[in-house]
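1. Pasted the sequence and its predicted model underneath.
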Amino acid sequence: MILVAVFITTGTAIADEGMWLPLLVGMQKLKEMRAEGFKLTAEDIYSVNHASLKDAVVQFGGGCTGELISGEGLLITNHHCGYGSIQAHSTLDHNYLENGFWAMSQAEELPNPGLSVKFLVSMEDVTSTVLLGITDTVSEINRERLISQRIKALKADATKGNSYVVEVDPLYNGNQYFLYTYEEFTDVRLVGAPPSSIGKFGGDTDNWMWPRHTGDFSLFRIYAGKDNKPAPYSPSNVPYKPKKFLELSIKGIKAGDFTLVYGYPGRTQEYIPSFAVRQLVDQSDPCKIALRQSRLKIMGEAMASDQKVRIMYAAKYASVANGWKKWIGEVNGLSRSNGIQVKEEQEEKFSTWVNGNTARTAQYGMLLPQLKQDYQEYAPFSHARDYYREAIGSIEIFRVAAQFERLAQKLQKQSEFSSVDSLKLREFNAYLHTFYKNYDPAIDRKILSSMLSAYLQNVSAQFVPLDMLAAFRDVRHWPDTIAAEVFQRSMFADSLKAFALLQQLDSASIRDVSLDPAVKINHDIMEMYSQSVAPSLAQMEQDINIQLRRYMRATMEMNPRRTFYPDANFTLRIAFGQVQGYQPRDAVQYEFQSTLTGVMEKDDSTIYDYVVPPKLKKLYEMKDFGRFGEKGKLPVAFIATNHTTGGNSGSPVLNGKGQLIGVNFDRVWEGTMSDIMFDNSRCRNIALDVRYALFIIDKYAGAGWLLNEMKIVD
């Protein structure tokens, strides 16, 4: 309990830095928020006793946020968050990625199997239960065993007699634990999405950049059973009636206005030492950047020459490019902000504090030296993992081959499939249909050759299968030769052969699977990785995490008056700040808002990502902005100083009254290092102005019926 008290001690953090727990914001940050323009109470932000803002925010799909904007279960999120669902409904005849999709009634809304949203019901500090009696004298094995047992008991108790989803997650590197209770809805239907020429305008060229002119939004609706509770998809389900939905403000914004981002940020590492930052800047990020750049070149060339391939690979390309560009910005940002030097200066202060007291020296004196040694030993193994994941893991034929290998091994052990296995086979059959729908063997062949070559040239010989290493040394163009052989001989390069194999998978065909070249190469690399890399990595990461847990606790002891926010872990947080431009470099000053004028200035019919739809051009020429324009212009996006990261995509950006003014969708490129270090002078989140979304829905799409169920205020 002493540690928890330290965590909520009042104090001052860097302006606008932090991703704060909604439960604790009243005692931690409300005073600062009100000073910046927040008008509501802590109970308005989070409450289990009455409807609050948390009840209008959902965890959307596997890694985004969404928010309710009507009493009929209508929610808004990013276009890129709904991208997979939009693509799944798209064909050459009904290309919703290219042309957009708009339901003109609830009957036209499209179901999305596998898509779900979760509402946070409550969050609770369970540290005293999870860590009861656990001190540094308890071995790590016993610590993990006790924590696992206690978490299991807590989850069992919290889910007794209900259908809630419960998670218990560590905070502050395992020094604190919170229990989160969710209600999950699985009937989520696509309502509307602008064409990619609006929803993805600027494409990967503009990704992570400012100024931005992207209409990055899509609309979905949550459906429930007649009792307003979660229910599997059924035509008889009805729109969900939320406890709370957000008002949409079209009053407009100005520099200095208060902003609140409420969402599910993914992962941050704000408290790692300089050794970890140096490894990221010098080794990990450059490796991943280079590998993804090669894949993007291969996919991009194929997509540029074939419209069908462009549709097939649109989501894959966007996913690969997103991380690639983010890591480039992260390295540049940490370098410009002297990130390693800042961390080293913090560590010097820490060492001075530790050495100023004999008891502290005995307890913490070896922390930093041990961490430095741990990261040095960790480097070659993490390097091998990066290449395994980014190179070998990107070869699609290897993925499907590995799935078949697992099925064959299971059958070989059991002689025949059980009824449960038969169900899994049907699920695997569905997976294959999705896989081959968006798969081009020619592209994958080039990626295999490129990635295998990079893997063999850059990974230490001790992590490469011996026969593969010998062949590579003897044959200069061995990766090209292997790629040709794989795609000539492998059953999995041909969808018809793969489906035929699945239909007749029995003991007689197991041998064919084991001899398949894609299976064999992937198996050899996986086996080497699982034997030579994974076990050492697991042990090293455990050792590092033990030291980081102690370092976090010691840092808090050193700064008793500072309010520490926990690293993001995809649980609900708030981040507050203000609308503000920035100066990324000498003689460059960015304003806080972009407008439709900028869209027209970027218009270029020869570049796919900058083609402006004719109807949008016409609306612009006529200045037909309805009530969403401002002084003859139409706002598109704005930036603010909120601390955000991945997972915050789709998060509501609220004004001081708790009204929706924007939908968060990105960060500026110069500030992507905010996952490691927040710099208030250059870190900015990018949000779609809600007025642009409403304009597109009403004027461009002609789906004004949706506005009728919203509460729009000015």
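-> Arrived safely.
2. how much distance is there from stretch 217-228 to the middle of the chain?
-> Taking the mean of its C-alpha atoms, stretch 217-228 sits 23 Å from the chain's own mean (Cα atoms, centre = their mean, to the nearest Å).
3. what about that stretch, start to end distance?
-> For stretch 217-228, the first-to-last residue distance is 26 Å (Cα to Cα, to the nearest Å).
4. now stretch 150-165
-> Terminal residues of stretch 150-165 lie 17 Å apart, using Cα to Cα.
5. Okay, buried residues for it please.
-> 150-151, 154-155, 158, 164-165 (16 or more other Cβ atoms under 10 Å). C-betas here are computed from N, CA, C, even on glycine.
6. Over that stretch, what's the mean pLDDT, rounded is fine.
-> Here stretch 150-165 scores 97 as its mean pLDDT.
7. 41 is where my numbering starts, stick with that
-> Sure thing, new numbering starts at 41, so read that last one as stretch 190-205.
8. Tell me the helices and strands packed up against the helix or strand hosting Met67.
-> Using DSSP states H and E, Met67 maps to helix 65-68. Identification of packing neighbours for helix 65-68 by 3 or more Cβ pairs under 8 Å, 6 or more residues apart in numbering; DSSP states H and E yields helix 82-85.
9. And the helix it packs on, how far out from the chain middle?
-> For helix 82-85, the distance to the chain centre is 27 Å (Cα atoms, centre = their mean).
10. on that earlier part again, which of the buried residues of stretch 190-205 fall within strands?
-> Val205 (DSSP state E).
11. out of the buried residues of stretch 190-205, who's nearest Lys537?
-> Nearest to Lys537, judged by Cβ to Cβ, of the buried residues of stretch 190-205 is Val205 at 39.9 Å.
12. so the closest one sits right up against Leu219, yeah?
-> No. If you go by Cβ atoms under 8 Å, Val205 and Leu219 don't touch, sitting 11.6 Å apart.
13. shared neighbours of the two, anything?
-> Counting by Cβ atoms under 8 Å, 6 or more residues apart in numbering, no residue touches both Val205 and Leu219.
14. which stretches of the stretch 341-490 of the chain form helices?
-> In the stretch 341-490 of the chain, the helices defined using DSSP state H, counting those that start in this stretch lie at 347-376, 379-395, 398-404, 407-430, 436-454, 459-477, 481-498.
15. Output the second one as PDB, nothing but the C-alphas.
-> Taking only C-alpha atoms (Å, rounded to 0.1, in the frame of the first residue of the first chain), the coordinates of helix 379-395 have been written out as PDB:
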ATOM      1  CA  GLY A 379      17.300  11.400 -26.100                       C
ATOM      2  CA  ILE A 380      20.300   9.300 -25.100                       C
ATOM      3  CA  GLN A 381      22.000  12.200 -23.400                       C
ATOM      4  CA  VAL A 382      18.900  13.200 -21.500                       C
ATOM      5  CA  LYS A 383      18.500   9.700 -20.200                       C
ATOM      6  CA  GLU A 384      22.200   9.600 -19.200                       C
ATOM      7  CA  GLU A 385      21.800  12.800 -17.300                       C
ATOM      8  CA  GLN A 386      18.900  11.400 -15.400                       C
ATOM      9  CA  GLU A 387      21.000   8.300 -14.600                       C
ATOM     10  CA  GLU A 388      23.800  10.500 -13.300                       C
ATOM     11  CA  LYS A 389      21.300  12.200 -10.900                       C
ATOM     12  CA  PHE A 390      20.000   8.700  -9.900                       C
ATOM     13  CA  SER A 391      23.500   7.500  -9.100                       C
ATOM     14  CA  THR A 392      24.300  10.600  -7.000                       C
ATOM     15  CA  TRP A 393      21.100  10.000  -5.100                       C
ATOM     16  CA  VAL A 394      21.800   6.300  -4.600                       C
ATOM     17  CA  ASN A 395      25.400   6.900  -3.500                       C
END
